[in-house]
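Asker: Structure for the following, please:
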Amino acid sequence: MKSVLRVKMLSALALVLLVFSATEGRILSKCELKTELEAGQIQVIRAMGDKMTMDDLIARLVCKANASGFNTSFVKAIAAKPKPNRPFINIHSRQLYGVFQLSDQVACDSGMMPSLNVCKMSCSALIDDDVTDDIACLKTMIDSIKPKPKNASDITLPLAVLNTILVKECRFVVPSRYFAECLTATTPIAD
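Answerer: As a prediction, this is how the structure comes out:
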């Protein structure tokens, strides 16, 4: 069993390295990503909390992107944790793609494992230099988080998905401080 698991892990690593080397990405600045998110018009949903503002959401999303180094082509493999009572179940690792580290189990289809593919896209689309599709996918995921589906054909993500989108390390980010360096010369500064 160990050899099968080892082969699968090596195959996944090889695929990640191949995808990483074959894609053109770029490193965004914090301010550039903030501007892109503002243009993407992601909405705060009620499940995020009544006190969360648009500025709070953008600051938390940019803070989350810091884990990828603001690299649009970043791919991270997360090894699966085997269940002690079911060692043959869940032996696949998952991959996190792009600047927002979106999962191939939920957001996109990597072709390596079953996925909800909420964004209806290949994961390779999340690791190019165009961040607009990453933002559109993030928006789709946020819009999909609802307490109950409107009809049976809707994909509704559980509220727990918020934990993967809004990481706890970024919970207390204060937008005005976090984006202080993003002030431009044309922005008036209050006395």
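
Asker: any idea how far Gly25 is from Gln105?
Answerer: Gly25 sits 22 Å away from Gln105, going by Cβ to Cβ, to the nearest Å. All C-beta atoms are positioned from the backbone trio N, CA, C, and that covers glycine.

Asker: Which of the helices or strands spans the closest residue to Val174 other than its chain neighbours?
Answerer: Closest residue to Val174 apart from its sequence neighbours, by Cβ to Cβ, 6 or more residues apart in numbering: Ala59 at 7.4 Å. Applying DSSP states H and E as the criterion places Ala59 in helix 54-65.

Asker: other SSEs contacting that helix?
Answerer: Using 3 or more Cβ pairs under 8 Å, 6 or more residues apart in numbering; DSSP states H and E, the elements in contact with helix 54-65 are helix 30-40, helix 175-178.

Asker: what about it, average pLDDT?
Answerer: Helix 54-65 shows a mean pLDDT of 95.

Asker: Correct me if wrong, but Asp143 is in a helix.
Answerer: Yes. Assessed by DSSP: H, G, I helix; E, B strand; the rest coil, Asp143 belongs to a helix.

Asker: My read is that it contacts Gln41, right?
Answerer: No. Asp143 lies out of contact with Gln41 (Cβ atoms under 8 Å); the separation is 11.3 Å.

Asker: dump the residue contacts of Ser122.
Answerer: Applying Cβ atoms under 8 Å, 6 or more residues apart in numbering, we find Ser122 in contact with Cys108, Asp109, Ser110, Gly111.

Asker: do you know how far it is from Gly40?
Answerer: Distance, Ser122 to Gly40, by Cβ to Cβ: 20 Å.

Asker: hang on, the earlier thing: in terms of neighbours, single out the busier of Asp143 and Gln41.
Answerer: The residue with more neighbours, out of Asp143 and Gln41, is Asp143; 13 against 9, by other Cβ atoms under 10 Å.
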